[in-house]
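A.B. asks: pasted the sequence and its predicted model underneath.
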Amino acid sequence: MVPFFAYTTVFLIVPTAVVVIGAFLDADNRFTLGNLEALTEPSVVRGLTQSVILSAVTSLVGALVGGVLAYAVSTAREGSVTRRFFTSLCGVLAQFGGVALAFAFIASFSAQGLLSVLLGRVGLGTGSGLWLYEWDRGLVLVYLYFQIPLMLIVFLPAVEGLRPQWREATETLGGTTWTYWRRVAGPILMPSFVGAALLLFTNAFSAYSTAKALVSQANPLLPLQIGSSLSSEVILGQENAGKAMALEMVLVVAVVMVLYAWLDRRAGRWMR
Amino acid sequence: MSGRSVFRRRQRVFRWVTLAVLLAFFLLPLLGMLDYTTQGPGGEGRTAQTWRTLADVSTVSVEYPALKEGFLASVGLAVITPLAMLVLLVPTMTWVRLRLPGLSRTVEFVCLLPLTVPAIVLVVGLTPVYAWVYYLFGASTLWLSLAYVVLVLPYAYRSLDAGLRAIDVRTLSEAARSLGAGWLTVMWRVVLPNLRTAVLSASFLSVALVLGEFTIASLFSKKNLQVAMYELGKSDAQISVAVGLAALVFGFVVLFAMSFVGTRPAGTGRLARRRRPRKENPA
Amino acid sequence: MTSTTPAPTDPSTRGIAVQLTELRRVYGGVAALDGLTLHLEPGELVALLGPSGCGKTTALRCLAGLEDPDSGSIEVGGRDITGVPTNKRDMGMVFQAYSLFPHMTARQNVEFGLELRGRDRSARRARAGEMLELVGLSVHADKYAHQLSGGQQQRVALARALAIEPQVLLLDEPLSALDAKVRAQLRDEIRRIQLEVGTTTLFVTHDQEEALAVADRVGVMSVGRLEQVAPPAELYSAPRTPFVADFVGLTNRLRARVEDGRAQVLGGSIPVLPGSADGPEAVVLVRPEGIVVEPGDGPAPATVVSASFLGGHGRVVARTPEGEEVSVQVANTDVTRYRPGDRVHLAPRGDAALAVAD
């Protein structure tokens, strides 16, 4: 009991406190709101906006595609090889990502890369390949590559929770497949679906390594900006600007998580 | 013949079309990696040279010392982190269930907190903490484990919680105590064996997370596998792509094999908590 | 007052006949249904009884349209519905458990089928209220499934199935997830309601007591075939096959000599049922209540193995010198007269029994 709380205090609570408090301290440890000014700089604002857009787009598309995938996988027999194969593959792609993932796309879309050649052959030339390193094009694609698998992992249990009796009862009562999805399965899955999508959002929003490995020049995303504020020489008096940005990130994620918790409880209303 | 078989056939077609399309999406970049690593010099011809180099341990350690260093560090981290996580979590969670149910909310909150604190943010806050760690214990890469345990807390918690939920720890430990077992024996001989699947999947999640971790290591300028791969990518792309592919395939093989162990890896669902309508007492 | 309640009809004209003919269904080489033929009279409640895997649930699901038979035909009211999809069949079904829609209240569940039939709001409400009243759950109308006990959930499921005034009511082990007391209570209630609404009903169960208690006729199934269909009393007193005798009620298997329609057993003679085997080496299937036990020696001596008090009656198990164990039903007040090791003698009471070749 004691070791647990001691440990989490040192390695979790203290760092969080450092960020939260540090965001309001200047170089001489005096209270200031000056760091927050850094947040209003156009580049930081742009970083936040682009991070939010990227996360929103990839979580929405990822949730939709991943949701369909989860349903398709759930129709395979429990314990079948198909099912194990897809859950394992998605487990790896969702959790293992990062640098290797970025490499997969860099290699595939390099001048002689498999996908460049393939797409070129069917007349869909990918041009210089530089699009891959842009946050609103290449990154969307690469992020989807881990968002869709994550959706499968998170959402599959909810889909598996649909009981065959519900479909059968709907049918004996005179409903069609469409009725079943619109009136029964849809409403039952909706809270889990939205919850999973929110989780995907925070996942994309917090992601650092994939973006870092792909984007080397500018810092189009908030996590990259925080990263560079740590590693590069900082202008005097701005040491804690990174903390302010970090706090901003925590706040965005916290808002989403609160939404998630609320939905989770709502979902539990008739399922617990 | 009629409605049912038509429905089943349609469902099967839907399943295979969906799975095939997504499988293509998932596999093409991986094939792209394979293709890239086997390209001859200047994009001409095929060669297995990269893989031959990678398979030859002695060459790798001579020619790519950074890779060797990162790999060894990651292996070390992948051993220490799950162990530390288990030592920290299993007794605590069991004890809370047995004796301090009032604290369960707090423990859950603390364990899930890292979900709201992205790794990159944790790095910012951990900088002063690590200054002390290095000052007290020396600047070994292995100290990254301390931070990694925090990163794996939510996932490990979920999967251990599912495991504990499935067994009746209270009755089990009371039974063991009534037979004269001490608390250590209860933990070691009764609770742990019954949590095997949960412990296994929590450990595996930790290993996967550690092997894939880049953010914290890179920003603390420590060399683990991912950082080595990243740096190598700038000078010798083929070899680092090959390492990346090998890591992904390795991860998949382990997960796939794991899926046949035990009934169901309780923790593969990241935040997934299975909910069922209340179960009826069978007569 | 709106006249939304359907005009009360005479139950005998409400029900509709069902005919299953030569149904076959094979799953991976195993025949779940092996030429099943069954007729249900209008308004009749027929129970299909059998061990798990005997095909009884497959039969019910074929009738519901949730399974396609490989061959054979299904007629309801003289109309062939073999190829009609489930949602056009107009059958009310109650499942084993967990079939209530979890995101709807009890009332919404009951109203759902009516909504799909395009009934207007007030008609739906009235009908749902009426149905919940019928199953005695009016006070719980606005609760969700998880707030109801298992028995209450099954009542709502029954109300939901009946609300659409189905042609046929299908009950798929509706009581098997409930505990003993609720099971017996709900069983009787299902029978009461079924008689009241007069809907032709197929009731599938593996519990013989349940089947005997509710059904007009019981069909015993084994490996995809019907062994016997008969009213409960007949099924019990005159089983036509050893499987039926064994599956329905407790039975002693006793060696006997069978000649001229009578069996010599336990020092007495009893008539055998039609269809029995005969010969010097036969086995008769005798119920525990078809045998009497008395202390002391007699023509058929035995030694008491155990004597137990079972509430309404008692049971003595005794072993004959030939090593056969015989279960005998006794009055509950007589149990204390017997102790393990006591010498007793046995005799058949004289009821007809089925004899089979050994």
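C.D. replies: Structure's in. What do you need?
A.B. asks: ok, C:Val30 - contacts?
C.D. replies: Taking Cβ atoms under 8 Å, 6 or more residues apart in numbering or on different chains, we find C:Val30 in contact with no residue. Placement of C-beta: from N, CA and C, glycine included.
A.B. asks: for C:Pro51, phi and psi?
C.D. replies: Backbone torsions of C:Pro51, given as degrees, to the nearest 10, read phi -70, psi 170.
A.B. asks: just the pLDDT for it.
C.D. replies: Predicted confidence (pLDDT) at C:Pro51: the value is 91.
A.B. asks: what's the neighbour count on the residue nearest to it when sequence neighbours are not counted?
C.D. replies: In space, and not counting its chain neighbours, C:Pro51 is closest to C:His206: 6.2 Å by Cβ to Cβ, 6 or more residues apart in numbering or on different chains. The number of residues packed around C:His206, counting by other Cβ atoms under 10 Å in any protein chain shown, is 18.
A.B. asks: state the distance from C:His206 to chain A.
C.D. replies: Computed as Cβ to the nearest Cβ, to the nearest Å, the C:His206 to chain A distance reads 18 Å.
A.B. asks: may I ask you to confirm that that residue is in contact with C:Leu48?
C.D. replies: No - assessed by Cβ atoms under 8 Å, C:His206 is found out of contact with C:Leu48, at 9.7 Å.
A.B. asks: what touches both of these two?
C.D. replies: C:Lys56.
A.B. asks: any idea which helix or strand carries the nearest residue to B:Leu195 once chain neighbours are set aside?
C.D. replies: Closest residue to B:Leu195 apart from its sequence neighbours, by Cβ to Cβ, 6+ apart: B:Gly163 at 4.6 Å. Element membership of B:Gly163 [criterion: DSSP states H and E] is helix B:144-166.
A.B. asks: per-residue confidence for the closest residue to B:Tyr130 other than its chain neighbours?
C.D. replies: The shortest distance from B:Tyr130 to any non-neighbouring residue, by Cβ to Cβ, 6+ apart, is to B:Phe220 (6.5 Å). Per-residue confidence for B:Phe220 comes out at a pLDDT of 85.
A.B. asks: name the helix or strand for A:Val142, please.
C.D. replies: helix A:138-160.
A.B. asks: what about that helix and chain B, touching?
C.D. replies: Yes - judged by Cβ under 8 Å from any Cβ of the partner chain, helix A:138-160 comes into contact with chain B at A:145, A:148-150, A:153-158, A:160.
A.B. asks: list buried residues within those residues.
C.D. replies: Among the residues of helix A:138-160 next to chain B, those classed as buried by neighbour count (16 or more other Cβ atoms under 10 Å in any protein chain shown) are A:145, A:148-150, A:153-158, A:160.
A.B. asks: closest to chain C among those?
C.D. replies: Nearest to chain C among these: A:Ala158, at 12.3 Å, using Cβ to the nearest Cβ.
A.B. asks: the closest one touches A:Ser192, doesn't it?
C.D. replies: Yes - using Cβ under 8 Å, A:Ala158 makes contact with A:Ser192 at a distance of 3.7 Å.
A.B. asks: may I have the residues that are in contact with B:Val191?
C.D. replies: With Cβ under 8 Å, 6+ apart, B:Val191 has these contacts: B:90, B:94, B:169, B:172-173.
A.B. asks: mind redoing it with 7 Å?
C.D. replies: Contacts of B:Val191 were listed using Cβ atoms under 7 Å, 6 or more residues apart in numbering or on different chains, and they are B:94, B:169, B:172-173.
A.B. asks: need the buried ones from these selected in PyMOL.
C.D. replies: Buried members of the contacts of B:Val191 can be picked out in PyMOL with the line below, counting by 16+ other Cβ under 10 Å:
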select buried, chain B and resi 94+169+173
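A.B. asks: now, the most widely separated pair of the contacts of B:Val191?
C.D. replies: Greatest spatial distance in these: B:Thr94 and B:Leu172, 10.0 Å, computed using Cβ to Cβ.
A.B. asks: right, and the helix or strand after the helix holding A:Val142?
C.D. replies: Heading C-terminal from helix A:138-160 (DSSP H and E), you reach helix A:164-172.
A.B. asks: and that next one, anywhere near chain C?
C.D. replies: Yes - under the criterion of Cβ under 7 Å from any Cβ of the partner chain, chain C is reached by helix A:164-172 at A:165-166, A:168-169, A:171-172.
A.B. asks: looking at the residues you listed, spot the one nearest C:Arg79.
C.D. replies: Of all those, A:Thr172 has the smallest distance to C:Arg79: 17.7 Å, by Cβ to Cβ.
A.B. asks: identify the residue nearest C:Gly72 in space, chain neighbours excluded?
C.D. replies: Nearest to C:Gly72 is C:Leu23, by Cβ to Cβ, 6+ apart, at 3.7 Å.
A.B. asks: ah, wrong one, I meant C:Val335
C.D. replies: C:Gly314 (3.6 Å).
A.B. asks: what does C:Thr241 give?
C.D. replies: Closest residue to C:Thr241 apart from its sequence neighbours, by Cβ to Cβ, 6+ apart: C:Glu227 at 5.0 Å.
A.B. asks: for B:Ala147, same thing?
C.D. replies: B:Ala147's closest residue in space is B:Ile216 (Cβ to Cβ, 6+ apart), at 5.4 Å.
A.B. asks: go ahead and confirm that neighbour touches B:Ser145.
C.D. replies: No - using Cβ atoms under 7 Å, B:Ile216 is not in contact with B:Ser145; the gap is 10.6 Å.
A.B. asks: in chain C, which residue sits closest to chain A?
C.D. replies: For chain C, Cβ to the nearest Cβ, closest residue to chain A: C:Gly113, 3.5 Å.
A.B. asks: hmm, back to that, pretty sure the residue nearest to C:Val335 is in a strand, no?
C.D. replies: Yes - counting by DSSP: H, G, I helix; E, B strand; the rest coil, C:Gly314 is located in a strand.
A.B. asks: how about the contacts made by it?
C.D. replies: Applying Cβ under 7 Å, 6+ apart, the residues near C:Gly314 are C:307-308, C:330-332, C:334-335.
A.B. asks: swap the cut-off to 8 Å and go again
C.D. replies: Contacts for C:Gly314 (Cβ under 8 Å, 6+ apart) come out as C:307-308, C:329-335.
A.B. asks: pairing partners for it in the sheet, please.
C.D. replies: Following DSSP bridges, C:Gly314 is listed with bridge partners C:Phe309, C:Val330.
A.B. asks: with B:Met187 as the reference, measure out to it.
C.D. replies: Counting by Cβ to Cβ, to the nearest Å, the separation of C:Gly314 from B:Met187 is 50 Å.
A.B. asks: need the pLDDT of the closest residue to B:Gly40 other than its chain neighbours.
C.D. replies: Closest residue to B:Gly40 apart from its sequence neighbours, by Cβ to Cβ, 6+ apart: B:Thr47 at 4.7 Å. Confidence at B:Thr47, expressed as pLDDT, is 78.
A.B. asks: my guess is B:Thr47 meets B:Tyr36, correct?
C.D. replies: No - using Cβ under 8 Å as the test, B:Thr47 is too far from B:Tyr36 to be in contact (11.8 Å).
A.B. asks: could you give the angle of the helix or strand containing B:Met85 to helix B:144-166?
C.D. replies: If you go by DSSP H and E, B:Met85 is part of helix B:65-98. Helix B:65-98 runs at 40 degrees relative to helix B:144-166, counting by axes from the mean of the first three to the mean of the last three Cα atoms, to 10 degrees.
A.B. asks: other SSEs contacting helix B:65-98?
C.D. replies: Under the contact definition 3 or more Cβ pairs under 8 Å, 6 or more residues apart in numbering or on different chains; DSSP states H and E, helix B:65-98 sits against helix A:2-8, helix B:57-63, helix B:104-112, helix B:144-166, helix B:169-178, helix B:196-212, helix B:225-235, helix B:237-258.
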